[in-house]
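**Student:** got a predicted structure here, sequence first:
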Amino acid sequence: MRKSPHSIDERSLLNAADYPIDEADHPARETTIRKVGLALANDGCAVIRNFLSPLGLKILLDEAKARRDNAYFSDIRQTNIYFSADDPALPADHPRRMFMERSNGFITSDCYGEETASRRLYYWPPLMCFIADCLNREQLFIYEDPIANMIVNVGSPGSQFNWHFDTNEFTITMLLKSADSGGHFEYVSNLRNETDECYDDVRAVLTGDERRVTRLKLTPGDLQLFLGRFSLHRVSENTGLSDRLLLIMSFAEKPGMIGSVERTRELYGKVTSLHLAAKTQRIRADTLMD
């Protein structure tokens, strides 16, 4: 890949003094992996504070701001948590028939060239190896969706991202800019599992039961590991006057995973020939709804 215009290496983007993730036997790396593993096992969510260096945060934020005008905001503002069509055959209070407002936008991965620091960091082998170790996996794969594997979630003032599950098993996010107010990440850990959609539990949350809801406090530069395939989550309304910007890097346990045609078109406004070709070759680690 071509070098970033900033002419720095990937390690310089990170707080390498606290998190030497490219040094396989470093005690600090092993300590971080152990702490992350415990948090994921207990809650499906872990945060590594100040993971980005000040320079790294500035560069990644500048890249997102430079592409802000390319953000896609869908005209479809009402979605269910599975991004599927209504099914009148189901009861009216079924989660698949409960539609909520989604008004956030996305800067898609095809807006980032190979020379960008964001993309170079996503493809940096030590980062993927570190994430795999945190997740206690022998190997992870790049989420091969050419539109959605590395994106920026844009929470403009007044927007929100309704409750949903993720297509891919693991999502790695780096907060680049907080909302002035609101824009909180909220989740319900392990609300479904590989064999059961747990519709009754999902319905309870969607109808206002907050007993299992956790609100996470994030600051710019933090890295979050989240098992979003099984944990329901959302970003609440941005009640401030400026954007909330979140860099999302997605990894998968199986090679070849990409988003469905329907979900990709709804969220990002476009699909590729790869999405169309994969429509009859659904690669997932489970049989759950997307």
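**Tutor:** Ah, there it is.

**Student:** drop to CA atoms for contacts and neighbour counts, all remaining ones
**Tutor:** Fine.

**Student:** contacting residues for Gly113?
**Tutor:** Arg119 (C-alpha atoms under 8 Å, 6 or more residues apart in numbering).

**Student:** oh, that last question was meant for Gly183, not what I typed.
**Tutor:** 155, 160, 235-239, 244.

**Student:** what bridges to the residue lying closest to it once chain neighbours are set aside?
**Tutor:** The shortest distance from Gly183 to any non-neighbouring residue, by C-alpha to C-alpha, 6 or more residues apart in numbering, is to Asn238 (4.3 Å). Asn238 forms beta bridges with Gly182, as assigned by DSSP bridges.

**Student:** still on that earlier bit, would you format the contacts of Gly183 as JSON lines with distance to Leu175 included?
**Tutor:** Output for those, formatted as JSON lines (distance: C-alpha to C-alpha, whole Å):
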{"residue": "Gly155", "distance to Leu175": "12"}
{"residue": "Gln160", "distance to Leu175": "16"}
{"residue": "Val235", "distance to Leu175": "12"}
{"residue": "Ser236", "distance to Leu175": "15"}
{"residue": "Glu237", "distance to Leu175": "16"}
{"residue": "Asn238", "distance to Leu175": "14"}
{"residue": "Thr239", "distance to Leu175": "17"}
{"residue": "Arg244", "distance to Leu175": "8"}
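
**Student:** closest to Thr272 among those?
**Tutor:** Gly155 (24.9 Å; C-alpha to C-alpha).

**Student:** what about the strands in the stretch 101-250 of the chain?
**Tutor:** For the stretch 101-250 of the chain, the strands defined by DSSP state E, counting those that start in this stretch occupy 105-107, 141-142, 150-155, 161-164, 170-177, 185-188, 214-216, 223-226, 232-235, 244-252.

**Student:** quick one: list the elements packing against the third one.
**Tutor:** Looking back up the chat, that one is strand 150-155. strand 105-107, strand 244-252 (3 or more C-alpha pairs under 8 Å, 6 or more residues apart in numbering; DSSP states H and E).

**Student:** what's the closest of those strands to Arg119?
**Tutor:** Between these, strand 244-252 lies closest to Arg119; by C-alpha to C-alpha that is 9.3 Å.

**Student:** using PDB, write down the CA coordinates of the following helix or strand past the closest one.
**Tutor:** From strand 244-252 onward toward the C-terminus, using DSSP states H and E, the following helix or strand is helix 261-268. Once non-C-alpha atoms are left out, helix 261-268 reads as follows in PDB (Å, rounded to 0.1, in the frame of the first residue of the first chain):
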ATOM      1  CA  VAL A 261     -28.300  -6.800  -0.500                       C
ATOM      2  CA  GLU A 262     -31.300  -5.500   1.400                       C
ATOM      3  CA  ARG A 263     -29.500  -4.300   4.500                       C
ATOM      4  CA  THR A 264     -26.500  -2.900   2.600                       C
ATOM      5  CA  ARG A 265     -28.800  -0.900   0.300                       C
ATOM      6  CA  GLU A 266     -30.900   0.400   3.200                       C
ATOM      7  CA  LEU A 267     -28.000   1.500   5.400                       C
ATOM      8  CA  TYR A 268     -25.400   2.700   2.700                       C
END
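
**Student:** closest one to Phe51 out of the contacts of Gly183, please.
**Tutor:** Ranked by distance to Phe51 (C-alpha to C-alpha), the contacts of Gly183 are led by Arg244 at 18.2 Å.
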